[in-house]
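>>> For reference, the sequence and a predicted model appear below.
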Amino acid sequence: MSLTSIAILFGAINLIGNSGLSQSANPQDAKFYSFSAKTIDGEMKSMADYKGKVVLVVNVASKCVFTPQYKDLEALYRKYKDRGFIIVGFPSNDFLWQESGTDKEIKSFCTSTYGVTFDLFSKTVVKGEGQNSLYRYLTNESPFPGTVKWNFQKYLLDREGNVVAKFSPSTKPFDDEVVKKLEELLLSRK
């Protein structure tokens, strides 16, 4: 494959990956709630729907060494959802093509293999050229800047939509650090 073909291929992938996410018209309003994204079922959803909830944003993949974290993510979600906790998963094919499936295939895998019931969004680009606007905010404008290192990097947001913690891909959902911060945030009511 020629370099030109590779460049065209990556350009097309980036355009496709960015198509499902948008931001409000006000460029200074880069808060989490100003973004919208296409769900894995193809419907647009505003992050403002999560106002008042503690949110864990995770980029996910089906063929990664960290894929078994889906099980613990789902368990974490079920344990705390009644207290105002939500997980939003963004499938991404940015790391060694570990999420090559269609949205339908991804959803089928997640539900049949791990019983995932937390919110999943359409496959998107979380780093580099074509990075979607939510991840551009998380990696450039949040208090925890820096590129997404790998699949299953996690961003924890408080009930006001502020990013309050970032956890590495290898940090498991029930890690003491995650649970401590999550429980602390769940105790604070608006």
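Structure received. Source: prediction; values computed, not measured.

>>> who touches E99 in this structure?
Counting by CB atoms under 8 Å, 6 or more residues apart in numbering, E99 touches 60-64, 91-93, 106, 123, 151. C-beta here means a position set from N, CA and C on the backbone, and glycine is covered the same way.

>>> Go through those residues and name the one nearest L182.
Nearest to L182, judged by CB to CB, of the contacts of E99 is V60 at 18.1 Å.

>>> What count of nearby residues applies to that closest one?
Here the count is done by other CB atoms under 10 Å, and V60 has 28 residues near it.

>>> which non-adjacent residue is nearest it?
Leaving aside its chain neighbours, V60 sits nearest to G89 (4.5 Å; criterion: CB to CB, 6 or more residues apart in numbering).

>>> still on that earlier bit, please convert the buried members of the contacts of E99 into PyMOL selection syntax.
In PyMOL syntax, the buried subset of these is picked out as below (16 or more other CB atoms under 10 Å):
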select buried, resi 60+61+62+64+91+92+93+106+123+151
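
>>> Which ones among the contacts of E99 map onto helices?
With helices taken from DSSP state H, the overlap with the contacts of E99 comprises I106.

>>> now for the contacts of E99, which pair is the farthest apart?
Taking CB to CB as the measure, these span a maximum distance of 13.7 Å, between C64 and K123.

>>> where along the chain do the strands fall?
Assigned by DSSP state E, the strands in the chain fall at 21-23, 35-38, 44-46, 54-60, 85-91, 119-120, 154-157, 163-167.
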